[in-house]
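**Student:** Got a predicted structure here, sequence first:
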Amino acid sequence: MGRYSDAFEQARDDREGFWLSAAEAVDWVTPPTCALDDTLAPMYRWFPDASLNTSANALDRHVAAGNGDRDALIWDSAMVGTTRTYTYAQLLDEVSRFAGVLAARGITKGDRVVVYMPMIPEAAIAMLACARIGAVHSVVFGGFAAPELATRIDDAEPVAIVTASGGLEPGRTVEYLPMVAKAIELSETPPSTVIVKDRSEITGAAADHEGWLDWDAAMAGAEPADPTTVAATDPLYILYTSGTTGKPKGVVRDNGGHAVALTWSMSNIYGIEPGDVWWTASDVGWVVGHSYIVYGPLLVGATTVMYEGKPVGTPDAGAFWRVIADHKANALFTAPTAIRAIRKADPDAAELAKYDISSLRTLFAAGERLDPDTFQWAGSILGVPVVDHWWQTETGWAIAANLRGLEPMPLKAGSPTVPVPGYQVGVLDAEGKQVAAGEEGNIVIKLPLPPGTLAGLWRDEERYRKSYLSAFDGYYLTGDSGYVDSDGYVFVLGRSDDVINVAGHRLSTGSIEAVVASHPAVAECAVIGIHDDLKGQRPSGYVVLKAGVEIEPDTLRSELVKMVRDEIGAVATFRDVTVVPALPKTRSGKILRKTMRQIADHEEYTVPSTIEDPDVLSALAKQLGG
């Protein structure tokens with residue numbers, strides 16, 4: 001582990017030298033002479049004396065270097081059966097002209113722009129155009145309900161909304177414009193400009209709303225805008241994540257640290273270089289889409305694939321393999337839930353045999369825990385490394401990873417491998433004391449966080465401190481529980497809230513899930529802690545069966561109970577197993593365990609705004625009598 005350990009130790013012991021060296025991969029207007037400003041700790045600032053433009057780093061510099069003909073963005077829509085490819089020169093032209101559209105409306109550096117778009121190229125173009133003129137974009141997942149959109153409008157106070165006539169889902173369309181209109185009506189700080197990309201497949205257009213602009217008409221006469229120089233510490237975007245109070249938290253990302261961290265990560269973590277084809281199967285509404293559909297691949301000069309579709313049902317469980325084959329993708333980054341969905345529909349991977357995916361070098365997974373069974377299944381059918389890595393909306397890039405471009409390491413099922421250089425990961429008990437190797441506790445990161453992580457919460461420093469910095473002095477609280485083994489490998493077992501107390505014994509529901517998921521009949525599962533009058537809590541399992549599998553519920557239950565007893569012990573008192581047709585999830589693929597727990601305990605609950613399919617939650621509530 002020489003190369004990794006050298007990098008890790010330098011980032012820890014010579015922070016200035018490490019990050020100033022990494023910053024040389026970025027084109028600066030004013031290069032940094034200082035990496036970290038800690039004078040206002042714990043509100044740290046990276047590259048405080050530097051300036052740049054993120055859009056110019058993603059586009060202009062590659063064209064200037066003679067790579068304008070290289071493919072920058074491939075849009076593949078399984079929903080409309082269309083692909084569209086933009087070279088770097090073509091994408092630069094589109095972004096420059098849309099930046100001109102924004103500038104012509106008086107939008108300037110520091111103004112906020114909400115982007116409420118489906119997975120179409122114009123979403124990435126809008127983001128990059130905002131970065132070009134120094135405006136701060138806030139992407140809201142397309143299809144969020146009007147009240148949720150209005151909440152974000154009132155917090156960010158944007159001067160403009162960029163949207164589209166709607167999004168396409170299997171079997172249905174989602175019209176955006178009525179929701180945008182309602183959100184503006186509900187908002188206390190409505191924007192003055194609305195720009196609409198009309199999709200011919202969906203009814204509704206800018207012309208239906210007085211004063212709204214049509215994207216194509218505005219672009220037809222637009223003057224290209226040159227990149228605006230911004231300070232490295234100026235905000236690039238605000239991205240909202242769920243808050244425990246019900247009010248979303250606006251994570252702020254800066255320009256300079258973001259560009260340095262993502263550029264470093266593409267080559268060192270993912271092994272992606274200029275000209276490689278990179279596909280992140282996510283959405284621009286999530287942090288993964290920000291970092292690794294739009295910015296990361298373009299910063300490094302790779303080709304990024306933007307996919308509008310699902311892992312199954314558009315049209316079948318071979319959808320992902322078709323995209324890899326068609327575009328010769330070298331790496332796929334997706335959520336474990338997508339792989340589980342494919343496995344559920346096609347457990348023998350029959351669809352895979354139809355496609356040549358020999359271009360694929362690595363499958364990366366993140367977003368939730370990659371259970372060992374899914375890890376092993378994917379590795380066996382694909383014949384390439386399946387690499388789990390762990391990060392959060394707040395960090396913006398990986399906390400722990402197997403650094404494929406720096407030094408690939410042996411893979412361990414259930415572990416995202418080791419802390420990435422720049423992150424000092426620790427595991428603390430409830431009193432803030434470091435625990436021994438292999439002992440579970442609260443996963444924390446020693447301050448300062450590296451570049452590219454959150455610079456704070458939008459206009460709410462007190463909430464930032466309270467949410468992340470107050471639990472353990474000198475540390476950022478990840479909110480996850482887990483352990484570090486004797487080899488230094490990190491194991492993330494789940495959210496700290498998912499640690500249950502069974503008759504005084506603290507048990508991770510994630511560890512029980514790993515056992516349940518290993519049963520040959522189980523496609524995916526969730527284990528939650530529910531109220532028990534005697535023991536305080538007890539684990540309850542919810543299981544989705546693989547397609548075509550038939551097994552008696554009592555047989556499945558007895559086999560799972562025995563497996564958990566053998567692997568974890570009788571202390572788990574695992575005996576509740578419910579077979580369900582599907583698990584309720586967010587649009588990013590995370591299982592709604594808290595809501596499931598509320599339903600099982602017959603507590604009041606609200607349907608989360610991020611839910612993928614409300615009918616799944618309703619069916620579960622009916623099945624459980626909630």
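**Tutor:** Good, I have the coordinates.

**Student:** mind listing the helices for the stretch 151-300 of the chain?
**Tutor:** For the stretch 151-300 of the chain, the helices defined by DSSP state H, counting those that start in this stretch occupy 177-186, 215-220, 256-268, 287-289, 296-300.

**Student:** will you turn these into JSON lines that also has distance to residue 341 and mean pLDDT?
**Tutor:** Where you see a C-beta, it was placed from the backbone N, CA and C, and this is true even at glycine. JSON lines is the format used below for those (distance: least, C-beta to C-beta, whole Å; pLDDT from 0 to 100):
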{"stretch": "helix 177-186", "distance to residue 341": "27", "mean pLDDT": "95"}
{"stretch": "helix 215-220", "distance to residue 341": "33", "mean pLDDT": "97"}
{"stretch": "helix 256-268", "distance to residue 341": "27", "mean pLDDT": "98"}
{"stretch": "helix 287-289", "distance to residue 341": "17", "mean pLDDT": "95"}
{"stretch": "helix 296-300", "distance to residue 341": "24", "mean pLDDT": "98"}
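
**Student:** In JSON lines: those helices, plus distance to residue 515 and mean neighbour count.
**Tutor:** Listed next are these as JSON lines, based on distance: least, C-beta to C-beta, whole Å; neighbours: other C-beta atoms under 10 Å:
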{"stretch": "helix 177-186", "distance to residue 515": "42", "mean neighbour count": "18"}
{"stretch": "helix 215-220", "distance to residue 515": "51", "mean neighbour count": "16"}
{"stretch": "helix 256-268", "distance to residue 515": "33", "mean neighbour count": "27"}
{"stretch": "helix 287-289", "distance to residue 515": "28", "mean neighbour count": "24"}
{"stretch": "helix 296-300", "distance to residue 515": "35", "mean neighbour count": "27"}
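
**Student:** Now render those helices as JSON lines, adding distance to residue 28.
**Tutor:** As requested, these are exported to JSON lines (distance: least, C-beta to C-beta, whole Å):
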{"stretch": "helix 177-186", "distance to residue 28": "37"}
{"stretch": "helix 215-220", "distance to residue 28": "30"}
{"stretch": "helix 256-268", "distance to residue 28": "8"}
{"stretch": "helix 287-289", "distance to residue 28": "25"}
{"stretch": "helix 296-300", "distance to residue 28": "13"}
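
**Student:** Nearest to residue 537 among those would be which one?
**Tutor:** Smallest distance to residue 537 across those (C-beta to C-beta): 31.2 Å, for helix 287-289.

**Student:** circling back: out of the helices of the stretch 151-300 of the chain, nearest to residue 146?
**Tutor:** Of all the helices of the stretch 151-300 of the chain, helix 177-186 sits nearest to residue 146, with 3.7 Å by C-beta to C-beta.

**Student:** which strands and helices sit next to the closest one?
**Tutor:** helix 146-156, strand 160-164, strand 193-197 (3 or more C-beta pairs under 8 Å, 6 or more residues apart in numbering; DSSP states H and E).

**Student:** Next, the angle from it to helix 146-156.
**Tutor:** Orientation of helix 177-186 against helix 146-156 (axes from the mean of the first three to the mean of the last three C-alpha atoms, to 10 degrees) gives an angle of 50 degrees.

**Student:** Run the angle between the longest helix belonging to the chain and strand 193-197 for me.
**Tutor:** Scanning the chain for the helix with the most residues, using DSSP state H, yields helix 88-104. Orientation check (the same axes, to 10 degrees): helix 88-104 against strand 193-197 gives 150 degrees.

**Student:** what sits up against helix 88-104?
**Tutor:** 55, 59-60, 62-63, 67-73, 86, 113, 121-122, 125-126, 128-130, 132-133, 135, 160, 195, 213, 215, 218-219, 222-226, 301 (C-beta atoms under 8 Å, 6 or more residues apart in numbering).

**Student:** Can you list the strands that the next helix-or-strand element following that helix pairs with?
**Tutor:** Note on helix 88-104: by DSSP states H and E, the next helix or strand toward the C-terminus is strand 112-116. Note on strand 112-116: by DSSP bridges, its sheet partners are strand 136-139 (parallel), strand 160-164 (parallel).

**Student:** got TSV for those, with mean neighbour count and distance to residue 476 too?
**Tutor:** Shown next, in TSV, are the strands paired with strand 112-116 (neighbours: other C-beta atoms under 10 Å; distance: least, C-beta to C-beta, whole Å):
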stretch	mean neighbour count	distance to residue 476
strand 136-139	26	23
strand 160-164	27	32
